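J.: return a 3D structure for these sequence lines:
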Amino acid sequence: MGEELIEIFTDGSAKGNPGKGGYGALLRYKGKIKELSQGYRLTTNNRMELMAVIVALEQLKTNNIPVKIYSDSKYVLDSITKGWVFGWKQKGFKGKKNADLWQRYLKLHPKFNLQFEWVRGHNGHPENERCDFLAVAASDKTPLLIDEGYEADQKENEIF
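T.: From the prediction side, this is the model:
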């Protein structure tokens with residue numbers, strides 16, 4: 001079958017954007033599957049897309065096997081594969097959203113041999129559809145967690 005590979009499929013959701021949201025991730029290795037999901041009371045779609053990638057990578061107990069991440073988020077994939085996030089880091093994330101999550105991702109990035117593949121969302125891709133289901137279902141469960149990074153940022157920018 002070729003080279004060993006851990007596959008990670010991810011999706012994020014936010015109703016209202018910002019609004020209630022959640023992420024879903026499916027990890028697959030040698031036929032074994034693990035699903036992850038969590039809902040938040042107030043967040044954005046982009047944060048949940050990125051959170052799904054982060055949480056999935058944090059679950060891995062080895063960094064000796066290449067990891068392929070499938071996502072329908074151009075925001076996440078382009079930021080990483082086009083190197084934007086590394087430039088943002090050099091500039092201290094000045095003016096960039098989701099700096100807390102990007103910093104969390106950047107601690108993980110060098111530990112793994114990562115590949116990324118974009119998949120069209122809501123297009124019948126079985127694992128992407130499953131992750132979408134997990135993300136939406138998580139946002140409907142209670143209690144929902146507080147997306148500390150998002151809510152703290154919103155308070156910082158309040159005028160009244």
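J.: quick one: the strands in the protein, in order.
T.: Along the chain, counting by DSSP state E, strands occupy 6-15, 19-29, 32-43, 67-71, 114-118.
J.: which one of those strands lies closest to Phe93?
T.: Closest to Phe93 of the strands of the chain is strand 32-43 (CB to CB; 18.1 Å). To be clear about C-beta, it is placed using only N, CA and C from the backbone, and glycine gets the same treatment.
J.: retrieve the pLDDT associated with the closest residue to Tyr29 other than its chain neighbours.
T.: Excluding the flanking residues, the one nearest Tyr29 by CB to CB, 6 or more residues apart in numbering is Ile6, at 4.7 Å. For Ile6, the pLDDT comes out at 98.
J.: what distance do you get for Ile6 to Val67?
T.: 5 Å (CB to CB, to the nearest Å).
J.: what of Ile146?
T.: According to CB to CB, Ile146 stands 29 Å off from Val67.
J.: which of those two has more residues huddled nearby?
T.: Val67 (21 against 13; other CB atoms under 10 Å).
J.: wait, that one touches Asn113, no?
T.: Yes: applying CB atoms under 8 Å as the test, Val67 and Asn113 come out as touching, 6.7 Å apart.
J.: tell me which helix or strand of this protein sits lowest on mean pLDDT?
T.: Ranked by mean pLDDT, DSSP states H and E, the helix or strand of the chain with the weakest confidence is helix 148-156, at a mean of 86.
J.: now that helix: buried residues?
T.: Gly149, Tyr150 (16 or more other CB atoms under 10 Å).
J.: for it, what is the distance to the chain centroid?
T.: Distance of helix 148-156 from its chain centroid, counting by CA atoms, centre = their mean, to the nearest Å, is 18 Å.
J.: and stretch 4-11, by the same measure?
T.: 12 Å.
J.: so which elements touch the least confident helix or strand of the chain?
T.: Counting contacts by 3 or more CB pairs under 8 Å, 6 or more residues apart in numbering; DSSP states H and E, helix 148-156 is packed against strand 32-43, helix 99-108.
J.: return the most buried member of the ones you listed.
T.: Burial of these is given as mean neighbour count (mean count of other CB atoms under 10 Å); strand 32-43 ranks first at a mean of 18.
J.: coming back round to it: do you know which of the helices and strands packed on helix 148-156 lies nearest Asn128?
T.: strand 32-43 (13.2 Å).
J.: please export the C-alpha coordinates of that closest one as CSV.
T.: Coordinates of each C-alpha in strand 32-43 appear next as CSV, following Å, rounded to 0.1, in the frame of the first residue of the first chain:
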residue,chain,number,x,y,z
LYS,A,32,-8.6,2.8,12.9
ILE,A,33,-10.7,5.9,13.2
LYS,A,34,-11.0,8.5,16.0
GLU,A,35,-13.6,11.3,15.9
LEU,A,36,-13.2,14.6,17.8
SER,A,37,-15.7,17.4,18.2
GLN,A,38,-16.5,20.3,20.5
GLY,A,39,-18.9,23.2,20.6
TYR,A,40,-18.4,26.8,21.6
ARG,A,41,-21.0,29.5,22.6
LEU,A,42,-19.4,32.3,20.6
THR,A,43,-16.8,31.9,17.9
